[in-house]
Structures are given as C-alpha cells and as structure tokens.
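> no FASTA, just this:
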C-alpha cells in the first residue's frame, strides 16, 4: 500500500478522490481494523475509486491529552504493510 503524508491543512491528491476512506489510529491493525479496511476496499471497488486509510502521527490522544507518551504498537510504515 502506498503511503502519502499530508499536513493537516493540505487537500488530498486528486487520485484519492472518488473512492472510500476509513479513519482511525490503526495502531496494531487488529482484525477489527482489517475488517474496516476490507469494507473500504469493497466500497471503493464499487465506486470505481481508491480505498484510502487515514491515520495520524502523532495519535490524537497524544495531542488532546498531553502527558507521558505511550510508545506506538507499530510504526506508520508497519501500519501501511498491515493494512
């Protein structure tokens, strides 16, 4: 899966338009996450567009509740491989 990094204010590239997206932290990419990704892929195929997984770095809880940093279960690169 290709990985694209966008700043919070950036618009997605045109090739990301017209498909389906799923949004989450996806740290660990467990079976529930995989089901969400599979659902996005199925919907994107039906729409004839891309399936996009949106995740965050740093994770939202770290931004909203600063404090001791919990180490991630997986890196962004590992998440892309697992998704």
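Sure, I can see it. All of these numbers come straight from a predicted model, not from anything done at the bench.
> Please count neighbours and contacts with C-alpha atoms only from this point.
OK.
> Which residues does the lowest-mean-pLDDT helix or strand in the chain contact?
Across the helices and strands of the chain, mean confidence by mean pLDDT, DSSP states H and E is lowest for helix 76-82: a mean of 79. For helix 76-82, contacts defined as Cα atoms under 8 Å, 6 or more residues apart in numbering pick out 1, 2, 3, 26, 27, 28, 29, 57.
> Residues in a beta bridge with the residue positioned nearest the centre of the chain, which ones?
Central residue of the chain (Cα atoms, centre = their mean): residue 54, 2.7 Å from the mean position. Residue 54 has the following beta-bridge partners by DSSP bridges: residue 23.
> Start at 657, not 1
With 657 as the first residue, the last one maps to residue 710.
> dump the residue contacts of it.
Here residue 710 is in contact with 677, 678, 679, 680, 681 (Cα under 8 Å, 6+ apart).
> list the contacts for the residue nearest to the second one when sequence neighbours are not counted?
Translated: residue 678. Sequence neighbours aside, residue 709 is the residue nearest to residue 678 in space, at 5.1 Å (criterion: Cα to Cα, 6 or more residues apart in numbering). Counting by Cα under 8 Å, 6+ apart, residue 709 touches 677, 678, 679, 680, 693.
> Surely the last one touches residue 678?
Yes - because the distance of 6.7 Å satisfies Cα atoms under 8 Å, residue 693 is recorded as touching residue 678.
> Same drill for the two, tell me which one is more crowded.
residue 693 (22 against 17; other Cα atoms under 10 Å).
> Could you look up the SS state of the more buried one?
For residue 693, the assignment made with DSSP: H, G, I helix; E, B strand; the rest coil gives helix.
> For it, give me the pLDDT.
We have a pLDDT of 90 for residue 693.
> cool, and the one 3 residues further on?
We note a pLDDT of 94 for residue 696 in this prediction.
> quick one: it is in a strand?
No - counting by three-state DSSP, residue 696 is not part of a strand but helix.
> residues contacting residue 700?
If a contact means Cα under 8 Å, 6+ apart, then residue 700 has 674, 675, 676, 706, 707 as its contacts.
> Work out for me the element it sits within.
Here residue 700, judged by DSSP states H and E, is contained in helix 687-703.
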